[in-house]
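>>> Prediction below, plus the sequence it came from.
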Amino acid sequence: MYKDLIFCTFQGDFKDPRNILREFNRLTKDAKLPGITICNLRHLHATQLMINGVNPKVVQERLGHLRVAVTLDLYSHVNEDLQVDTALRFEQEFLS
């Protein structure tokens with residue numbers, strides 16, 4: 001039975017969160033990554049999607065937020081950068 005899990009055992013069952021954290025910490029240490037967390041990866045994923053112009057509704061659904069407003073509030077810093085980029089693009093097109 002497919003359970004739609006991100007972290008699961010080889011049999012597809014729920015994995016103990018302590019084991020997930022232990023494995024993740026070992027992998028990041030072996031890769032010589034600075035203190036990165038699973039939450040950091042989630043934030044990076046969402047931020048990159050927003051920067052790449054993915055519709056916020058899609059980002060909201062991927063993150064599991066109940067409302068798109070939550071996603072937009074949490075990633076408003078990305079939206080500000082996108083606003084500046086959009087304004088510069090518009091100006092360039094308008095003046096060309």
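Right, received. Where do you want to start? Keep in mind that what you see is a predicted model, and the values were worked out from it rather than measured.
>>> ok, how many other residues are close to Gly53?
Residues lying near Gly53 (other Cβ atoms under 10 Å) number 9. Glycine gets a C-beta too; all of them are placed from N, C-alpha and C.
>>> What are the contacting residues of the longest helix seen in the chain?
Using DSSP state H to assign secondary structure, the helix with the most residues in the chain is helix 76-95. For helix 76-95, the surrounding residues in contact (Cβ atoms under 8 Å, 6 or more residues apart in numbering) are 47, 50-51, 53, 72.
>>> Drop anything exposed from those residues.
Buried residues within the contacts of helix 76-95, defined by neighbour count using 16 or more other Cβ atoms under 10 Å: 47, 50, 72.
>>> Checking my notes, the second one in a helix, right?
What that stands for is Met50. Yes. Using DSSP: H, G, I helix; E, B strand; the rest coil, the assignment for Met50 is a helix.
>>> Just give the closest residue to it, not the sequence neighbours.
Excluding its sequence neighbours, the residue lying closest to Met50 (Cβ to Cβ, 6 or more residues apart in numbering) is Val78, at 4.2 Å.
>>> With Phe94 as the reference, measure out to that neighbour.
24 Å (Cβ to Cβ, to the nearest Å).
>>> So those two - more neighbours on which side?
Val78 (18 against 7).
>>> next one: phi and psi at Val58?
phi -70, psi -40 (degrees, to the nearest 10).
>>> Now for the closest residue to it other than its chain neighbours: which residues touch it?
Of all residues not flanking Val58 in the chain, Leu49 sits nearest, at 7.4 Å (Cβ to Cβ, 6+ apart). Residues near Leu49 by Cβ under 8 Å, 6+ apart: 58-59, 62.
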